[in-house]
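Colleague: After the sequence you'll find the predicted model.
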Protein chains: 2
Amino acid sequence: MHFFSGRRVLITGGLGFIGSNLAISLVDAGALVTIVDSSLAASGANLFNIATISNQVVVDTSDMRDYDSLSLMVKDKDYIFHLAGQVSHGDSMRDPITDIEVNCIATINLVEACRHNNPRVRLVYTSTRQVYGVPDYLPIDENHIATPIDVNGINKLTGEYYHLLYDKVYDLNSTVLRLTNTYGPRQQIRNDRQGFIGIFIRQALKGEKIRIFGSGEQIRDFNYVDDVIDAMLLSASTDKCYGNFYNLGSQSKHSLIDFIDLLNEIVPVRYEIVPFPKSNKIIDIGDYYGDFSRFHSATNWQPRVELSEGLNKTIDFYQKYSKEYWE
Amino acid sequence: MHFFSGRRVLITGGLGFIGSNLAISLVDAGALVTIVDSSLAASGANLFNIATISNQVVVDTSDMRDYDSLSLMVKDKDYIFHLAGQVSHGDSMRDPITDIEVNCIATINLVEACRHNNPRVRLVYTSTRQVYGVPDYLPIDENHIATPIDVNGINKLTGEYYHLLYDKVYDLNSTVLRLTNTYGPRQQIRNDRQGFIGIFIRQALKGEKIRIFGSGEQIRDFNYVDDVIDAMLLSASTDKCYGNFYNLGSQSKHSLIDFIDLLNEIVPVRYEIVPFPKSNKIIDIGDYYGDFSRFHSATNWQPRVELSEGLNKTIDFYQKYSKEYWE
């Protein structure tokens, strides 16, 4: 029997990209899944993401900025995966207050609600490699100092601190995963809010010319969403992860041009390399790849899906469900 | 002529302990000082703090959580010293949302207001040694990783990040000072919200028995408020400080029992050593003292007032103005 069979699980942001993939995995594993997602206009929430499990999950549309509904919702849960949040760099710079509300206030509401109503629950928080800012060394491990270079990175880091603080001082069980570039089915790729992978995929599918900023030689690490879901489930079921934060990452690293070349083996791609626009130059971090050996030691996790294989599955999905995602 | 003569200066939290001492120094230097202070009930705001300069400063009582009033206020300023904030550990744990509003939202409002209305202004933000949490090594320098162990420390760190981010991406000029234990005239010592020094001083003045938690052997560094004001003025007038963050600190270190012994040379003190209560144990960081050599290199600053001398001046002040502060 699967570890999560019969477990009561709350997924915040469960209509979004990673949250919905997690919900599907957990339903498959026999868990009793509740999704809370307020479907903010700028978010990746999409009801189609959970079309295959819509009769097997409870969807609560309340807004986590409201403490009271949360305090009820956490009561009977065994596990909470906290993925709800604002994830757009640009939105965070244009409207930092909303980013604080959605990433900081909603998060403190969640840990407060757990502290008061369900201190024995286990919490997994998805953070981001953005908290590091510009790498001082590569691969970046968890000892690397955090110097976020956008409002979103700052507020996600603040959310990490709240989780780890409440773990320490109130004996909540919280663990933090710093995700790197995650790709796969069910991502919002209709607009440019959710990072370059979704943008490149949409442009390739539409036959538009992809624009790469910089040299194209920038190195990144990529995780297929199924590997990220594995990591989340493993971290939740591994007691020693609680109270700690971990990088995800990949054995393989690819330049952006590598990435485009792999994409081009699946759909024909045209691209051009252009200088960074001024507004993007400030978030140019150069190369990035993370060291995930701390998490591997704790859980034995390592990604299993190579980029070419993952991209094949991803493109298949978006071609099949074009109307739901980009057409 | 003094560097600040004729300069237009905004001091947020200028009715509080450090803000009012700064206002007095700047008025003495010939600056045109505006104070913004909403006098929150839990804060250290005290009109008596500026009694000697009340006709020489403008006091604006608006709340920095309101962006619009700030956007007007920053317009014509040359320098802004941002001291307004929630500083109580206990209050931040009891009411984390207010702490986020006062320390994060008010701060992003300030840097946003400057970005849009006065990007050439120079900003000095007072942060705290609390951002470090439990020292991994001593003395702590700025390379020490930040792991705050209370909500207030997390949110003050977030405020630092906002300042440094806006310095980097919008060419604001921001510098951050991490203050250690600051003491002196004009501190709120009537209740226990503003740290152990004020509590000990009030108890000594009232002839009450002082309770030291732990062994009493914990080491701290102390800065007399005049030295902190010097540091703030120096950092504001030193261009290379902008974009950076700095520890303050002291050449001298003292255990809490040392501190009590020095106090006892001025007023008779009774004390007892008791175990940490459970609620305080979690914020027991052991010994702390900071390395301020980075700031010394940049500005040549070093503290000049020894603890015994500073305590003499401090006790003199509170004895003279007992009704305004503790009776």
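Modeller: That came in fine, so what should we check first?

Colleague: OK, now which residue of the stretch 201-327 of chain A is nearest to chain B?
Modeller: Closest approach between the stretch 201-327 of chain A and chain B, counting by CB to the nearest CB: A:Ile282, at 4.5 Å. Where you see a C-beta, it was placed from the backbone N, CA and C, and this is true even at glycine.

Colleague: In contact with the residue nearest to that residue when sequence neighbours are not counted: list those residues for me.
Modeller: Setting aside the residues directly before and after it, A:Ile282 is nearest to B:Val169 in space (CB to CB, 6 or more residues apart in numbering or on different chains), at 4.5 Å. Applying CB atoms under 8 Å, 6 or more residues apart in numbering or on different chains to B:Val169 gives the contacts A:93, A:149-150, A:282.

Colleague: Now do the host helix or strand of B:Val169 against helix A:151-170, angle only.
Modeller: Under the criterion of DSSP states H and E, B:Val169 resides in helix B:151-170. Counting by axes from the mean of the first three to the mean of the last three CA atoms, to 10 degrees, helix B:151-170 points 170 degrees away from the direction of helix A:151-170.

Colleague: okay, helix B:151-170 in CSV with CA atoms only?
Modeller: C-alpha atoms of helix B:151-170 as CSV (Å, rounded to 0.1, in the frame of the first residue of the first chain):
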residue,chain,number,x,y,z
VAL,B,151,9.2,36.9,13.4
ASN,B,152,10.6,40.3,14.1
GLY,B,153,14.1,39.3,13.0
ILE,B,154,12.7,37.7,9.8
ASN,B,155,10.8,40.8,8.9
LYS,B,156,13.6,43.2,9.6
LEU,B,157,15.8,41.1,7.3
THR,B,158,13.1,41.3,4.7
GLY,B,159,13.2,45.1,5.1
GLU,B,160,17.0,45.0,4.5
TYR,B,161,16.5,43.1,1.3
TYR,B,162,14.0,45.6,0.0
HIS,B,163,16.4,48.4,0.6
LEU,B,164,19.4,46.7,-1.1
LEU,B,165,17.2,45.4,-4.0
TYR,B,166,15.9,48.9,-4.8
ASP,B,167,19.5,50.2,-4.5
LYS,B,168,20.6,47.6,-7.0
VAL,B,169,17.8,47.7,-9.6
TYR,B,170,16.4,51.2,-9.4
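
Colleague: now the helices: where do they sit in the stretch 201-327 of chain A?
Modeller: A:225-237, A:256-264, A:278-281, A:293-299, A:307-320, A:322-325 (DSSP state H, counting those that start in this stretch).

Colleague: what's in contact with the fifth one?
Modeller: Residues external to helix A:307-320 that are found in contact with it (CB under 8 Å, 6+ apart): A:183-186, A:189, A:201-202, A:204-205, A:222, A:224, A:252, A:254, A:259, A:262-263, A:265-267, A:305, A:325-326.

Colleague: One more pass at 7 Å, please.
Modeller: Contacts with helix A:307-320, where a contact means CB atoms under 7 Å, 6 or more residues apart in numbering or on different chains, come from A:183-185, A:189, A:201, A:205, A:222, A:224, A:252, A:254, A:262-263, A:266-267, A:325-326.

Colleague: and A:Tyr132, how many neighbours does it have?
Modeller: Residues near A:Tyr132, counting by other CB atoms under 10 Å in any protein chain shown, number 23.

Colleague: Could you check how far it is from A:Phe17?
Modeller: 22 Å (CB to CB, to the nearest Å).

Colleague: so what's A:Gln187 up against?
Modeller: A:Gln187 neighbours (CB under 7 Å, 6+ apart): A:17, A:44, A:194, A:198.

Colleague: Count the residues that sit near the first one.
Modeller: A:Phe17 is surrounded by 27 other residues when neighbours are defined as other CB under 10 Å.

Colleague: Grab the nearest non-local neighbour of it.
Modeller: Nearest one to A:Phe17, counting by CB to CB, 6+ apart, is A:Gln187 at 4.1 Å.

Colleague: Would stretch A:258-278 count as contacting chain B?
Modeller: No: Stretch A:258-278 does not reach chain B (CB under 7 Å from any CB of the partner chain); its nearest approach is 10.4 Å.

Colleague: Buried residues, that stretch. List them.
Modeller: Going by neighbour count (16 or more other CB atoms under 10 Å in any protein chain shown), the buried part of stretch A:258-278 is A:258-260, A:262-263, A:266, A:269, A:271.

Colleague: Now those in TSV, please, with extra columns for pLDDT and distance to A:Ile145.
Modeller: Shown next, in TSV, are these (pLDDT from 0 to 100; distance: CB to CB, whole Å):
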residue	pLDDT	distance to A:Ile145
A:Asp258	97	29
A:Phe259	97	28
A:Ile260	97	32
A:Leu262	97	33
A:Leu263	97	34
A:Ile266	97	39
A:Val269	96	37
A:Tyr271	96	34
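
Colleague: nearest to A:Asn118, of the residues you listed?
Modeller: Taking CB to CB as the measure, A:Asn118 lies nearest A:Phe259 of the buried residues of stretch A:258-278, at 41.8 Å.

Colleague: and the gap between A:Leu26 and A:Arg8?
Modeller: Computed as CB to CB, the A:Leu26 to A:Arg8 distance reads 10 Å.

Colleague: same question, A:Asp136
Modeller: 42 Å.

Colleague: Next: A:Gly198.
Modeller: 32 Å.

Colleague: and these two? which has more neighbours close in?
Modeller: A:Gly198 (23 against 16).

Colleague: how about the closest residue to the more buried one other than its chain neighbours, phi and psi?
Modeller: Once flanking residues are discounted, A:Gly198 sits nearest to A:Ile189: 3.7 Å by CB to CB, 6+ apart. Main-chain dihedrals, A:Ile189, degrees, to the nearest 10: phi -120, psi 10.

Colleague: residues contacting A:Ile189?
Modeller: So A:Ile189 contacts A:198, A:201-202, A:318, A:325-326 (CB under 7 Å, 6+ apart).

Colleague: switch to 10 Å and redo it
Modeller: Contact analysis of A:Ile189 by CB atoms under 10 Å, 6 or more residues apart in numbering or on different chains lists A:17, A:44, A:183, A:195, A:197-203, A:205, A:314, A:318, A:325-326.

Colleague: same question, A:Leu15
Modeller: Neighbours of A:Leu15 in contact, by CB under 10 Å, 6+ apart: A:23, A:35-39, A:43-50, A:57, A:59, A:61, A:83-84, A:186.
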